[in-house]
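> Sequence first, predicted model second:
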There are 2 protein chains.
Amino acid sequence: MNPRITLRHARVHLGAWLAVALVTFPALARAADFLPSWNDGASKARIVAFVQSVTDPTSQQYVPPAERIAVFDNDGTLWSEQPMYFQLAFILDRVKALAPKHPEWPTQEPFKSVLAGDMAGVAATGEHGLMELMAATHAGMTTDEFRQTVSDWLATARHPRFKRAYTELTYAPMKELLAYLRANGFKTFIVSGGGVEFMRVFSERVYDVPPEQVIGSSIRTQYELRDDKPVIVRLPELEFLDDKAGKPVGINRYIGRRPILAFGNSDGDFEMLEYTTSAPGPHLGLIVHHDDAAREYAYDRKSSIGRLERGLDEAAQRGWVVVSMQNDWRTIHSDR
Amino acid sequence: MNPRITLRHARVHLGAWLAVALVTFPALARAADFLPSWNDGASKARIVAFVQSVTDPTSQQYVPPAERIAVFDNDGTLWSEQPMYFQLAFILDRVKALAPKHPEWPTQEPFKSVLAGDMAGVAATGEHGLMELMAATHAGMTTDEFRQTVSDWLATARHPRFKRAYTELTYAPMKELLAYLRANGFKTFIVSGGGVEFMRVFSERVYDVPPEQVIGSSIRTQYELRDDKPVIVRLPELEFLDDKAGKPVGINRYIGRRPILAFGNSDGDFEMLEYTTSAPGPHLGLIVHHDDAAREYAYDRKSSIGRLERGLDEAAQRGWVVVSMQNDWRTIHSDR
């Protein structure tokens, strides 16, 4: 008998018992502090009060478990997104790795700028350039091959400032919140502008969010037999952009039910929060505000990545919680 | 305190405790006969043996719960599909209901044939005609409005032969199988050529399959504000056809993981079964064979609806279980 399988099995049992015990005795989930990386304050209090009200069967705000859907943006909400989206770092690294097979790239944009490390040049190629980079690095392979490539990259790539693996730059307070919600019968989903198959490589290991609960941007795929073996092949054509008004569309397509909690950090999440918090029943909208240059980054209205302007302007009138990274979070990045 | 909510809550608790007890003590799930509508025989034995092997931690075939993904076709697999797909009956009824607002329809195909009850005429309008009917009955409204329309129709429409609501024409043996798999830690998904938003109206109530585990064909949708309220509007444009080679594509898109069990009934499910049963680990493919004209319908190679030819020809060599409705099922339709 494989001892690793046995241990995994035992942990599954323990986890399942614990989850049921907590759902059955909500007081347990309340009493234990699931959110040690959150400072005591208004933001944490709002979250805990909301969870208590929707899980208390005697409350007017009670929501049955099947309807406890919580959606989270990824970049800038569950992990860092500066100095560039981590998936963009993957793309740039892939172009460099693939360059020896493409002798034409050093003279052809956007590859020329990527290989020269000229980020302004890359940006100047605009949306067309980005699609070229996507096609060169994300398509023309099977889904299995793509996953392996992402997995290999995550194992070795390091963040330029923190010198840590990108999957270690996930936020401890958010991972605690995901676990806290699940312990209270919520189903947690990622709804991100990032590539769905990119995120699925690490979402289960890092966030305990299984692949079927990850919604993201996608390219077209096609079913084929190769050597009599079925494969899914990735095509160089955008299928769905899961950003801005695309987020509620993606939520409706994949989940088919309106969430009761939405957490984002940029104006790309505005419509997702608007959709969630316009539901007739109880709901909660939250925004991570990156205001901590010392421990992470400080940016909002002027940033090209993760720009947050309308969200800040309208949060108060809409009742959304603006979470201050500096004041509300005791810890930023997760240890593991 | 609302007594209905309390009762519902109590049932959720009981169900959760039971599920955990069964996952924790697999012998319980084995001992109790979860499949009373299945006759004892080779088909039932194959199913039970498979479930026991993938849930037994001491087995070479053990599969961790997170990877226990089971996918089911809907039309002809979970409920009847004769004398026409039930969603087509909905479309025809909707055309009749909407006709007073469309004075041009009595002279315009495919509406003319629908209103005249001329099914051969409808069929003669081909794919273009079907898209016209879809656009007229499935688009140009919000998702909430569409759901309400489907819900109202299901409440009153009756099957021409059985004189029962369509949702009562679900198969008792299949509902038992869904529950049996879930009691053994499986996550059950519907993967159907039918419209995803059509099925989601009843999937949770009838199959205990929540909307986020329903994959189907879809039309494009768009996020809009109407009277300052966010809505998702359905557009008259096909987005995704979840049939044949589209089924593995849909599975990869929505689930992101290869299933270990797939159950279909027609050649539209062939690629889904092929994809599932080509995985390196344990897997099981099954086909409902409609061979029971007395209690339901008998059709396969020659049928325009639910045609099954290649599946029958290749099932033996591929190790797929052909379930005989006549011999393997004690009961056909569910009572509730």
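It's in. Numbers count the residues shown, from 1 in each chain, chains lettered A, B, ... in the order given.
> And for the most centrally placed residue in chain A, nearest residue in space, chain neighbours not counted?
Relative to the mean C-alpha position of chain A, the nearest C-alpha, by CA atoms, centre = their mean, is the one of residue A:74, at 2.0 Å. In this structure, residue A:74 finds its nearest non-sequential neighbour in residue A:192, 3.7 Å apart by CB to CB, 6 or more residues apart in numbering or on different chains. Where C-beta positions appear, they are placed from N, C-alpha and C, glycine not excepted.
> so that neighbour touches residue A:209, yeah?
No: contact criterion CB atoms under 8 Å: residue A:192 and residue A:209 do not qualify, at 10.8 Å.
> More neighbours: which of those two?
Neighbours were tallied for residue A:192 and for residue A:209 using other CB atoms under 10 Å in any protein chain shown; the higher tally belongs to residue A:192 (30 against 23).
> hmm, who's touching the helix or strand where that one lies?
Secondary structure from DSSP states H and E places residue A:192 in strand A:187-195. Surrounding strand A:187-195, the residues in contact under the criterion CB atoms under 8 Å, 6 or more residues apart in numbering or on different chains are A:68-75, A:78, A:85, A:87, A:138, A:178, A:181-182, A:199, A:203, A:207, A:209, A:213-219, A:241-243, A:246-247, A:250-251, A:254-255, A:259, A:268, A:272, B:212.
> From what I see, the residue nearest to the centre of chain A and residue A:198 are in contact.
No: under the criterion of CB under 8 Å, residue A:74 is not in contact with residue A:198, lying 9.7 Å apart.
> and for these two, which residues touch both?
By the contact definition CB under 8 Å, 6+ apart, residue A:74 and residue A:198 are jointly contacted by residue A:216.
> tell me the strands in the stretch 51-200 of chain A, going along the chain?
A:69-72, A:187-195 (DSSP state E, counting those that start in this stretch).
> Skipping its backbone neighbours, what lies nearest residue A:203 in space?
Once chain neighbours are set aside, the closest to residue A:203 by CB to CB, 6+ apart is residue A:209, at 4.5 Å.
> what about that neighbour, distance to chain B?
In this view, residue A:209 and chain B are 11 Å apart by CB to the nearest CB, to the nearest Å.
> and that residue, what does it touch?
By CB under 8 Å, 6+ apart, the residues touching residue A:209 are A:178, A:188, A:189, A:190, A:203.
> which residues touch residue A:321?
With contacts defined as CB under 8 Å, 6+ apart, the neighbours of residue A:321 are A:42, A:43, A:46, A:47, A:284, A:285, A:286, A:287, A:315.
> could you flag which of these are buried?
Among the contacts of residue A:321, those scoring as buried are A:43, A:46, A:47, A:284, A:285, A:286, A:287, A:315 (criterion: 16 or more other CB atoms under 10 Å in any protein chain shown).
> Say whether chain B is contacted by the helix or strand encompassing the third one.
Taking DSSP H and E as the definition, one finds residue A:47 inside helix A:42-55. No: judged by CB under 8 Å from any CB of the partner chain, helix A:42-55 makes no contact with chain B; its nearest approach is 9.9 Å.
> Let me see the residues that make contact with that helix.
Where contact means CB under 8 Å, 6+ apart, the residues beyond helix A:42-55 that reach it are A:23, A:26, A:29-30, A:35, A:38, A:59, A:61-63, A:68, A:177, A:180-181, A:184-185, A:260-261, A:282, A:284, A:286, A:321-324, A:328.
> between the contacts of residue A:321, which is closest to residue A:131?
For the contacts of residue A:321, the residue nearest residue A:131 by CB to CB is residue A:287; the value is 29.4 Å.
> is it true that that closest one touches residue A:269?
Yes: at 7.4 Å, residue A:287 counts as touching residue A:269 under the criterion of CB under 8 Å.
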